[in-house]
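Engineer: Fold the following for me, if possible:
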Amino acid sequence: MQLFLGADPETISATYRSVAGRGLEDNAVVVAGYADQKIGVIEAGFASPNPFTIELFGTDAGLTYTDDGNVLTIAGRQLPVPEHGKDPFAQWVDHINDGTRADDNLSRAVELTRLVVAANEAAGEGRAVPYPATKS
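Structural biologist: Residues are numbered from 1 along each chain as shown. Now for the predicted structure:
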């Protein structure tokens, strides 16, 4: 599975900070470096009262989503967002009852775990690390 930008990144670097003073990281920036010189930036923070927001920007257009009003904007145009589906617990129960698996979701979870492992290694060592993470 490709992380983003159409290919797996070559490197991951990360900076974690604690701005709320609670003894844990509550603000992080992760940078994915690609062979074709593209970069992907992932910012995650839990120290701000801002609403949940996703922003994706490229050379041709951008996409933003916020749960403050459930608004999706692509290339400056607002698009309707369908109502939220079943929550994860209800989906899990359905899979148990139906004898099915959420294979796509499972593969995304594995890829997210690989990214977090690489980001943790990069932040801990203060350097970019190969992706997927390998201990050197």
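
Engineer: So which residues of the chain form helices?
Structural biologist: Secondary structure of the chain (DSSP state H): helices at 88-98, 103-125.

Engineer: Tell me which of those helices sits most buried.
Structural biologist: The highest mean neighbour count among the helices of the chain, using mean count of other Cβ atoms under 10 Å, belongs to helix 103-125: a mean of 15. Every C-beta, even on glycine, is put in place using the N, C-alpha and C of the backbone.

Engineer: Averaged pLDDT, it. What do you get?
Structural biologist: What helix 103-125 shows for mean pLDDT is 92.

Engineer: circling back to that earlier point, could you dump the helices of the chain to JSON lines with distance to residue 37?
Structural biologist: Supplementary listing: those in JSON lines, determined by distance: least, Cβ to Cβ, whole Å:
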{"stretch": "helix 88-98", "distance to residue 37": "37"}
{"stretch": "helix 103-125", "distance to residue 37": "19"}
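
Engineer: Out of the ones you listed, flag the one nearest residue 26.
Structural biologist: Checking the helices of the chain against residue 26 by Cβ to Cβ gives helix 103-125 as the closest, at 13.3 Å.

Engineer: and the closest one, how far out from the chain's middle?
Structural biologist: From the chain centre to the centre of helix 103-125 is a distance of 9 Å (Cα atoms, centre = their mean, to the nearest Å).

Engineer: just to revisit the earlier point, closest to residue 23 out of the helices of the chain?
Structural biologist: The closest of those to residue 23 is helix 103-125. By Cβ to Cβ, the value is 15.8 Å.

Engineer: other SSEs contacting that closest one?
Structural biologist: In terms of contacts (3 or more Cβ pairs under 8 Å, 6 or more residues apart in numbering; DSSP states H and E), helix 103-125 is packed against strand 11-17, strand 27-33, strand 129-130.

Engineer: one step back: among the helices of the chain, which is nearest residue 80?
Structural biologist: With Cβ to Cβ as the criterion, residue 80 lies closest to helix 88-98 of these, at 22.6 Å.

Engineer: Between helix 103-125 and the closest one, find me the angle.
Structural biologist: 140 degrees (axes from the mean of the first three to the mean of the last three Cα atoms, to 10 degrees).

Engineer: With only the CA atoms kept, save helix 88-98 in CSV.
Structural biologist: Only the C-alpha atoms of helix 88-98 are listed here, as CSV (Å, rounded to 0.1, in the frame of the first residue of the first chain):
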residue,chain,number,x,y,z
PRO,A,88,-16.0,1.5,14.2
PHE,A,89,-17.6,-0.6,17.0
ALA,A,90,-20.8,-1.2,15.0
GLN,A,91,-18.7,-2.1,11.9
TRP,A,92,-16.7,-4.6,14.0
VAL,A,93,-19.9,-6.2,15.3
ASP,A,94,-21.3,-6.4,11.7
HIS,A,95,-18.1,-8.2,10.6
ILE,A,96,-18.4,-10.6,13.4
ASN,A,97,-22.1,-11.3,12.7
ASP,A,98,-21.5,-11.5,8.9
